[in-house]
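> fold the following.
(one chain, ligands or ions: 4)
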Amino acid sequence: MAENTSISNNSGIVEFNHHLVTDQETRMSGSGGSNSGGTSIGNPTASVGTVSVLLPSGGGTKRRSAVGSNSSHNGGSASNSASISADLASLFECPVCFDYVLPPILQCQSGHLVCSTCRPKLNCCPTCRGPLGNIRNLAMEKVASTVMFPCKYSSSGCPVSLLHSEKVEHEELCECRPYTCPCPGASCKWQGGLEQVMEHLMVAHKSITTLQGEDIVFLATDINLPGAVDWVMMQSCFGHHFMLVLEKQEKYEGHQQFFAIVQLIGSRKQCENFAYRLELNGHRRRLAWEATPRSIHEGVSTAILNSDCLVFDTSTAQLFADNGNLGINVTISTNV
Ligand SMILES: [Zn+2]
Ligand SMILES: [Zn+2]
Ligand SMILES: [Zn+2]
Ligand SMILES: [Zn+2]
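Numbering: from 1, shown residues only. Ligands and ions are numbered 1, 2, ... in the order given. Sure thing, here's the model as predicted:
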C-alpha cells in the first residue's frame, strides 16, 4: 500500500535534506521510560546491568608540577621555559580538589586561592580558615593567562600543556579522556579506556546482538512502539566493532522522527579510515545516507541533535516498513 504516496520522486533515490533547524531542546528523552516495549533484533537499549566506575581523573594523586618526564620532547631552552611554566602552574593548584584556579580568581583576605568549583561549598578559606570575601586578584589573573597548564588528563598520559583559554576545548577532544558507555540514553554511567569498552558491552549490555560482516541488515522491530525508543546492534568487520543506533524521538509535540547513525568503537582518528552507508529500500523507493562513522569518544547525541545522520519521519518509515519492522541495510567500507 505504499504505492500511493506524497514523495514525488518515487522511482529513484529520494533526495533528502538532512539539516533541520531545531530548537535547542536537549535530548532528554534518552531511554528513561523508553525501553518499555522493545523486543527486537536491534534491541532497544535496556541499560541494565551494573555500573563499574573507573575514573583515572581523581584528584589527590595527581602531580601537576612534575616536569622531568614531559620535557624531553622539547629542546633545551624550551624545556627550561616549560619547567618554569609548570612551576607557575602549580601556584594555581586548588588546595581542595587539586584542579586549577582559573579566572575570575578570588582570594581570601590573606591571599589564598580556591577554585570556583570548590568555593561555593566552603564557609572559610581551606588554607587559613579566614573568611572568603569577594576579593578578586587581577594580578594572578594576568599571570594565569600566560601560563601553560597541563591537560586535565596528564595523569592518564596526555603530554599536552596549554593556555587556560584553550584547555577546555582540548580536554573535550583529548585522546586520554576516559571513554563513556556508547549505548544511547544516559542511564549507564560507565567510564573507562577504549580497550575496555567491548568488555563492558559484553558484560553489562548482553542483550545487544552482533552481526559479522561489512554488509548487514539492521532489523528494527516494532517501530510503531510509542514514545522514545532506541534500537541498537553491533556489527563487526575489518577487525573493528561498530555500533548501529536507531533512535525514535519526539522533538516536537506530535512529530516523531527516526535518527539512524553508526559509531565506531574506536578513536576519532580511526574513524577516518571508514565510511558507512545506511539504506532503506521499499517499493520503487530508496533512501540512503553516507558518512564517516562517529567515534564513541564523541558520542552520537550531538549528531542526532544536529540531524547529522539518517533522519526520516514516521510516515517515511511506514513506506519502508514491513509489518512494523524496519530493515536498514548497513554497509561499512574502508578508505585505506
Ligand atoms: Zn577546587
Ligand atoms: Zn586563606
Ligand atoms: Zn589532553
Ligand atoms: Zn554501559
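
> strands of the stretch 151-300 of the chain, start to end?
Using DSSP state E, counting those that start in this stretch, the strands of the stretch 151-300 of the chain run over 161-163, 179-180, 191-192, 210-212, 215-220, 229-237, 240-252, 255-264, 274-282, 285-291, 294-295.

> okay, those strands in a markdown table with distance to residue 115 and mean neighbour count next?
Heads up, the C-betas are built off the backbone N, CA and C, glycines and all. Shown next, in a markdown table, are the strands of the stretch 151-300 of the chain (distance: least, CB to CB, whole Å; neighbours: other CB atoms under 10 Å):
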| stretch | distance to residue 115 | mean neighbour count |
| --- | --- | --- |
| strand 161-163 | 17 | 16 |
| strand 179-180 | 24 | 18 |
| strand 191-192 | 22 | 19 |
| strand 210-212 | 44 | 14 |
| strand 215-220 | 46 | 20 |
| strand 229-237 | 37 | 24 |
| strand 240-252 | 36 | 21 |
| strand 255-264 | 34 | 22 |
| strand 274-282 | 40 | 19 |
| strand 285-291 | 40 | 17 |
| strand 294-295 | 30 | 24 |
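
> close to ligand 4: what parts of the stretch 51-200 of the chain are there?
181, 188, 190 (CB under 5 Å from the ion).

> before we move on, back to that, for ligand 2, which of the strands of the stretch 151-300 of the chain is the nearest?
strand 161-163 (26.9 Å; CB to the ion).

> contacting residues around the residue lying closest to residue 211 once chain neighbours are set aside?
Nearest residue to residue 211 in three dimensions, chain neighbours excluded: residue 235, at 5.5 Å (CB to CB, 6 or more residues apart in numbering). By CB atoms under 8 Å, 6 or more residues apart in numbering, residue 235 lies in contact with 210-213, 216, 218, 241-244, 262, 330, 332.

> just give me the closest of those to residue 92.
Comparing the contacts of residue 235 against residue 92 with CB to CB places residue 243 closest, at 39.5 Å.

> tell me how far the closest one lies from residue 211.
The spacing between residue 243 and residue 211, counted by CB to CB, to the nearest Å, is 12 Å.

> quick one: residue 89 from ligand 1, how far?
For residue 89, the distance to ligand 1 (CB to the ion, to the nearest Å) stands at 15 Å.

> now swap in residue 248 and tell me
41 Å.

> surely that residue touches residue 226?
No. Using CB atoms under 8 Å, residue 248 makes no contact with residue 226, being 9.3 Å away.

> quick one: low-confidence parts of the stretch 1-150 of the chain?
For the stretch 1-150 of the chain, applying pLDDT under 70 flags the ranges 1-82.

> rerun that using 50 as the cut-off
Along the stretch 1-150 of the chain, segments meeting pLDDT under 50 span 1-41, 43, 45-76.

> and the residue of it nearest ligand 3?
Taking CB to the ion, the stretch 1-150 of the chain has residue 150 as its residue nearest ligand 3, at 8.3 Å.

> could I get the residues of the stretch 51-200 of the chain next to ligand 4 in JSON lines, plus columns for neighbour count, distance to residue 290 and pLDDT?
Output for these, formatted as JSON lines (neighbours: other CB atoms under 10 Å; distance: CB to CB, whole Å; pLDDT from 0 to 100):
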{"residue": "181", "neighbour count": "24", "distance to residue 290": "27", "pLDDT": "96"}
{"residue": "188", "neighbour count": "22", "distance to residue 290": "29", "pLDDT": "93"}
{"residue": "190", "neighbour count": "24", "distance to residue 290": "31", "pLDDT": "96"}
